[in-house]
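K.L.:
My questions are about this predicted structure, shown below with the sequence.
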Amino acid sequence: MSDDAYSSFLDKANSDLNTGRSQQGGGTARTETVHTNVKVPAPLQSVDAYYISDTDEPFEPVAFKWEGASKGKWPSADQFSSLISPSADLSGSIETLSASSFDPKNQYASALHAVRAAAVEEDSGADQSTVDLKIYRVELSSTKIEYWVLALEPAEGRLVGLRAKSVES
């Protein structure tokens, strides 16, 4: 094979790969985990836990400004979609889970504990066990799922927690 033929072969192979990516992965919305100028609570910065799926991914800290937090109000699917992905409407692919259905085998107790700890002020003396958690399951594609383990943090008007990416084939 000549150098020109080989070069042409490589160009074609690379262009096919890029085309395939835009068709398959281009439709997958990107989500963000921390709003600008919103501080991530300390308990979320040191979580060393992985969500187990086809690919084991680390839990990532989440911190959003959310006015409803100070009123004890959770975001609806539409509101949550605009928080995590301002450029794409994901509301049709969002469902909520209970903590027990998200973690039936108690594999993620340290992650759930960190989210509860992040929702209460360190010096308030509040009981972390009373903090409600909500898990949003966001289906980005037929195999890419994100789990958002969240708590309301009323004092700062934030939604705080952890995001886990999952590949489920």
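P.N.:
Thanks, I have it.
K.L.:
For the protein, which residues score under the pLDDT cut-off?
P.N.:
Within the chain, the ranges that satisfy pLDDT under 70 run 1, 6-28, 121-126.
K.L.:
one more time with 80, if that's ok
P.N.:
For the chain, the stretches with pLDDT under 80 are 1-30, 36, 121-130.
K.L.:
quick one: the helices in it?
P.N.:
Remark: helices assigned in the chain by DSSP state H are 3-24, 42-45, 77-84, 99-102, 109-119.
K.L.:
what's the domain layout of the protein?
P.N.:
1-27, 31-167 (automatic domain parsing).
K.L.:
among those, which is the most enclosed?
P.N.:
Ranked by mean neighbour count, these are led by domain 31-167 with a mean of 17 (mean count of other C-beta atoms under 10 Å). Bear in mind the C-beta positions are built from the backbone N, C-alpha and C, glycine included.
K.L.:
Show the residue spans covered by the strands in this protein.
P.N.:
Applying DSSP state E to the chain gives strands spanning 50-51, 57-58, 60-65, 94-97, 134-139, 144-153, 158-167.
K.L.:
Make a markdown table out of those strands and add distance to residue 41.
P.N.:
Shown next, in a markdown table, are those (distance: least, C-beta to C-beta, whole Å):
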| stretch | distance to residue 41 |
| --- | --- |
| strand 50-51 | 20 |
| strand 57-58 | 17 |
| strand 60-65 | 7 |
| strand 94-97 | 22 |
| strand 134-139 | 17 |
| strand 144-153 | 7 |
| strand 158-167 | 5 |
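K.L.:
nearest to residue 31, of those?
P.N.:
Nearest of the strands of the chain to residue 31, taken as C-beta to C-beta: strand 144-153 at 6.3 Å.
K.L.:
Can you give the strand pairings for the closest one, parallel or anti for each?
P.N.:
Its sheet considered, strand 144-153 pairs with strand 134-139 (antiparallel), strand 158-167 (antiparallel) by DSSP bridges.
K.L.:
okay if I get the ones you listed as a markdown table plus distance to residue 54?
P.N.:
Listed next are the strands paired with strand 144-153 as a markdown table, based on distance: least, C-beta to C-beta, whole Å:
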| stretch | distance to residue 54 |
| --- | --- |
| strand 134-139 | 15 |
| strand 158-167 | 4 |
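K.L.:
which stretch among those strands comes nearest residue 70?
P.N.:
Shortest distance between residue 70 and the strands paired with strand 144-153, using C-beta to C-beta, is found for strand 158-167: 9.2 Å.
K.L.:
Kind regards, and thank you for your time.
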